[in-house]
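Asker: this one's sequence-less:
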């Protein structure tokens, strides 16, 4: 009976070690890289100092409801050609911060805006930053930091803007190392039991 118990413990410890060493952990395939947009916007007022929302987006060809991908895309966005038309959600309310599903969509990617924080706002400059989630093209939904700037409306109904977003990779949470440690601990305990 004692030999059977020792054999079973040794098999259990070996099985745990094998599970830890050879288990396939699902790896997140996060979206990485930067994407930039440019074009024109119409705010709810003619003064940047009092604007609270973008009512209409315009691409570089003056088409309403769109923006244009600007040069400089990297990583998973590098294959989207500059000048490609991106669909924009309208209106975009940034004061107060308002989550906006599908703020932009282009090249199979969609960006859901979560937060907006006005960093600088005066008569000549508006800078807003925040966070959101981008998804699409078989990747896992990925957190992104983003920034929007507009310069000098000068009482014009439209102004030029730029928008950029950068993907951040999500590291492994340490599950693989934890499994390996547990298996090695069990192997050590089994070894002590077998030697007694």
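Answerer: Sure thing, it's come through. Just so it is clear, the structure is predicted and the values come from calculations on it, not from any experiment. Numbers count the residues shown, from 1 in each chain.
Asker: Please tell me how far residue 61 sits from residue 86.
Answerer: Per Cβ to Cβ, to the nearest Å, residue 61 is found 12 Å from residue 86. (Each C-beta comes from the backbone N, C-alpha and C, glycine too.)
Asker: got any residues that touch both of the two?
Answerer: Here residue 61 and residue 86 have residue 68 as joint contacts, going by Cβ atoms under 8 Å, 6 or more residues apart in numbering.
Asker: ok, those two, which is more surrounded?
Answerer: For residue 61 and residue 86, the more surrounded residue by other Cβ atoms under 10 Å is residue 86, and the numbers stand at 23 against 10.
Asker: who does the closest residue to the more buried one other than its chain neighbours bridge with?
Answerer: Leaving aside its sequence neighbours, residue 86 sits nearest to residue 106 (Cβ to Cβ, 6 or more residues apart in numbering; 3.7 Å). Judged by DSSP bridges, the bridge partners of residue 106 are residue 109.
Asker: Could you shift the numbering so residue one becomes 21, and keep it that way?
Answerer: Will do, 21 is the new start, and the previous item becomes residue 126.
Asker: how many neighbours does residue 126 have?
Answerer: With other Cβ under 10 Å as criterion, residue 126 counts 22.
Asker: Surely it is in contact with residue 100?
Answerer: Yes. Assessed by Cβ atoms under 8 Å, residue 126 is found in contact with residue 100 at 6.1 Å.
Asker: what sits in contact with each of these two?
Answerer: Shared contacts of residue 126 and residue 100 (Cβ under 8 Å, 6+ apart): 55, 89.
Asker: any idea how far the residue nearest to residue 106 is from residue 96?
Answerer: Residue 126 sits at a distance of 12 Å from residue 96 (criterion: Cβ to Cβ).
Asker: got it, and residue 146?
Answerer: Counting by Cβ to Cβ, the separation of residue 146 from residue 96 is 29 Å.
Asker: before we move on, what about residue 154?
Answerer: Separation of residue 154 from residue 96 (Cβ to Cβ) stands at 9 Å.
Asker: Report the residue spans of this structure with pLDDT below the cut-off.
Answerer: 21-48, 173-178, 188-216 (pLDDT under 70).
Asker: List the contacts of the nearest residue to residue 105 once chain neighbours are set aside.
Answerer: Of all residues not flanking residue 105 in the chain, residue 86 sits nearest, at 4.8 Å (Cβ to Cβ, 6+ apart). Residue 86 sits next to 59, 77-79, 105-108 when contact means Cβ under 8 Å, 6+ apart.
Asker: which among the residues you listed gets closest to residue 160?
Answerer: The closest of the contacts of residue 86 to residue 160 turns out to be residue 106 (Cβ to Cβ; 21.3 Å).
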